[in-house]
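Visitor: I would like the atomic coordinates for the input below:
(one chain, ligands or ions: 2)
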Amino acid sequence: MSNQLSLGWPAPAKLNLFLHVNHRREDGYHELQTLFQFISHGDLLDFKVTDDGSLKLHSNIGNVVADSDNLILRAAKLLQERSATEKGAEIWLDKRLPMGGGIGGGSSDAATCLIALNALWQTHLNRTELAELGLSLGADVPVFINGLSAFAEGVGEKLIQVSPKEFWYLVLVPDVHVSTAEIFQDPDLPRNTPKLDLDSLMSSPWKNDCQELVVKRYPQVAKTLDWLIEYAPSRMTGTGACVFGEFEQQQQALDALAQLPSNMTGFVAKGTNISPLELRLAQL
Ligand SMILES: C[C@@](CO)(OP(=O)(O)O)[C@H](O)COP(=O)(O)OP(=O)(O)OC[C@H]1O[C@@H](n2ccc(N)nc2=O)[C@H](O)[C@@H]1O
Ligand SMILES: Nc1ncnc2c1ncn2[C@@H]1O[C@H](COP(=O)(O)OP(=O)(O)O)[C@@H](O)[C@H]1O
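Guide: Ligands and ions are numbered 1, 2, ... in the order given. The predicted structure follows:
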């Protein structure tokens, strides 16, 4: 595989179909219960394996963040260290997902990088080992490595496979950045939703415990959600700012998108319980 281009590795976004905050731990992190589903919209990565150990990232939007902070380069470096491979890579990122919107673009890029380079470098780590590496980069990385929609507990690392209905979603992207750390530090965040068993959670109405607070703090999120809720059952994903409405048919979601005021942005995507990354991996 050396020095060959390997094109079209998807890094799909995720939605948190529900998100419950159960408890703040001694270390400040929060115990969550959440349901992750992938959607058919994401970033795309291309790779060229090199023999000199160097790592280089190019992107359609220039510097995504400083190289030392970029989750793609951090993931590649971790895999090099863990496997002691002497190989390197040139990586091209086609960034399509909004950053910091609660749809997991950075985490998904990191997961795709780990899965793709593990295959291309032939470093032979298994999924559990890759998920462990990924967790050190972010709480949402393991679910992207696993590649299956999942119910998650802990800080997101304890995963149980589930298959929620694959709706069509209209995802709206409010023009505001919501910091995950800031929301989890806010004294007004409710953090006492009782832990429930999976069957009860799947059959109760789904909610996001961060939504009320984010809506209160960020009028742009409130306005966007108010608009969307007229068209479909709608909620916020993660700690925001993105919100999603669920539709039975693609056309219904597209019709709503066509009505979107010019000062709002969004896209239509399908919920998918198997990550598009799995399908790409199977093509090798
Ligand atoms: C809550 C979720 C749900 O998907 O939100 P989104 O980021 O997707 O919006 C994620 O698990 C977020 O994971 P991730 O984005 O990796 O969070 P991190 O960077 O690890 O955490 C940022 C900060 O948020 C707080 N934090 C994060 C996760 C958690 N379970 N409890 C916390 O208290 C911590 O203060 C941490 O320093
Ligand atoms: N490759 C990357 N893509 C996006 N964000 C990245 C990347 N590498 C590092 N980051 C940083 O991670 C933060 C969270 O990214 P992202 O996963 O998009 O947010 P969220 O989890 O809220 O959807 C960004 O604000 C950015 O500073």
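Visitor: Report the spatially closest residue to the residue of the stretch 101-250 of the chain found nearest ligand 2, excluding sequence-adjacent ones.
Guide: Minimum separation of the stretch 101-250 of the chain from ligand 2 (C-beta to the nearest ligand atom) falls at G106, amounting to 2.9 Å. No exception for glycine: its C-beta is placed from N, CA and C like everyone else's. Counting by C-beta to C-beta, 6 or more residues apart in numbering, the nearest residue to G106 once its immediate chain neighbours are dropped is L71, at 4.7 Å.
Visitor: The one you found and S107 touch, don't they?
Guide: Yes - because the distance of 7.0 Å satisfies C-beta atoms under 8 Å, L71 is recorded as touching S107.
Visitor: Show me what residue of the protein gets nearest to ligand 1.
Guide: For the chain, the nearest residue to ligand 1 under the criterion C-beta to the nearest ligand atom is G238, separated by 2.4 Å.
Visitor: wait, is that residue part of a helix?
Guide: No - remark: G238 does not belong to a helix; assigned using DSSP: H, G, I helix; E, B strand; the rest coil, it is coil.
Visitor: For it, which non-adjacent residue is closest in space?
Guide: For G238, the closest residue by C-beta to C-beta, 6+ apart turns out to be G102, at 2.9 Å.
Visitor: wait, isn't that neighbour in contact with V221?
Guide: No - applying C-beta under 8 Å as the test, G102 and V221 come out as separate, 10.1 Å apart.
Visitor: anything in contact with each of those two?
Guide: V178, M236, G240, A241 (C-beta atoms under 8 Å, 6 or more residues apart in numbering).
Visitor: Can you tell me how far the last one is from R74?
Guide: This means A241. Plainly put, A241 is 24 Å away from R74 if you go by C-beta to C-beta, to the nearest Å.
Visitor: of the two, who's got more company?
Guide: The neighbour count for A241 versus R74, taken as other C-beta atoms under 10 Å, is higher for A241 (25 against 19).
Visitor: Next up, the contacts around that one.
Guide: A241 makes contact with 100-102, 173-174, 176-178, 214, 218, 220-221, 224 under the criterion C-beta under 8 Å, 6+ apart.
Visitor: State the distance from it to F18.
Guide: Plainly put, A241 is 18 Å away from F18 if you go by C-beta to C-beta.
Visitor: one step back: which of G102 and V221 has more residues huddled nearby?
Guide: G102 (29 against 23).
Visitor: what packs against the helix or strand hosting the residue of the stretch 101-250 of the chain closest to ligand 2?
Guide: Counting by DSSP states H and E, the secondary-structure element that holds G106 is helix 105-120. Using 3 or more C-beta pairs under 8 Å, 6 or more residues apart in numbering; DSSP states H and E as the contact criterion, the elements in contact with helix 105-120 are strand 5-24, strand 30-50, helix 71-83, strand 88-94, helix 127-135, helix 141-146, helix 276-282.
Visitor: The residue of the stretch 101-250 of the chain closest to ligand 2 - how many residues pack around it?
Guide: G106 has 25 neighbours, counted by other C-beta under 10 Å.
Visitor: State the distance from it to K95.
Guide: Here G106 is placed at a distance of 10 Å from K95 (C-beta to C-beta).
Visitor: and the closest residue to Q250 other than its chain neighbours, what are its bridge partners?
Guide: The shortest distance from Q250 to any non-neighbouring residue, by C-beta to C-beta, 6+ apart, is to W168 (4.8 Å). Legend: beta-bridge partners of W168 under DSSP bridges are F247, K270.
Visitor: Run a quick neighbour tally on W168.
Guide: 21.
Visitor: right, and it touches Q252 too?
Guide: Yes - the criterion here is C-beta under 8 Å, and W168 meets it with Q252 at 7.2 Å.
Visitor: How about the most centrally placed residue in the chain, nearest residue that isn't a chain neighbour?
Guide: By C-alpha atoms, centre = their mean, the chain has its centre lying nearest to G104, at 2.3 Å. Closest residue to G104 apart from its sequence neighbours, by C-beta to C-beta, 6+ apart: K14 at 4.4 Å.
Visitor: isn't that neighbour right up against I103?
Guide: Yes - with the criterion set as C-beta under 8 Å, K14 and I103 qualify as a contacting pair; they are 6.2 Å apart.
Visitor: which residues do the two both contact?
Guide: For the pair K14 and I103, residues contacting each of them under the criterion C-beta under 8 Å, 6+ apart are I39, T237.
Visitor: follow-up on the earlier one: what's near enough to touch the residue nearest to Q250?
Guide: Contact analysis of W168 by C-beta under 8 Å, 6+ apart lists E246, F247, E248, Q249, Q250, Q252, A253, V268, A269, K270, G271.
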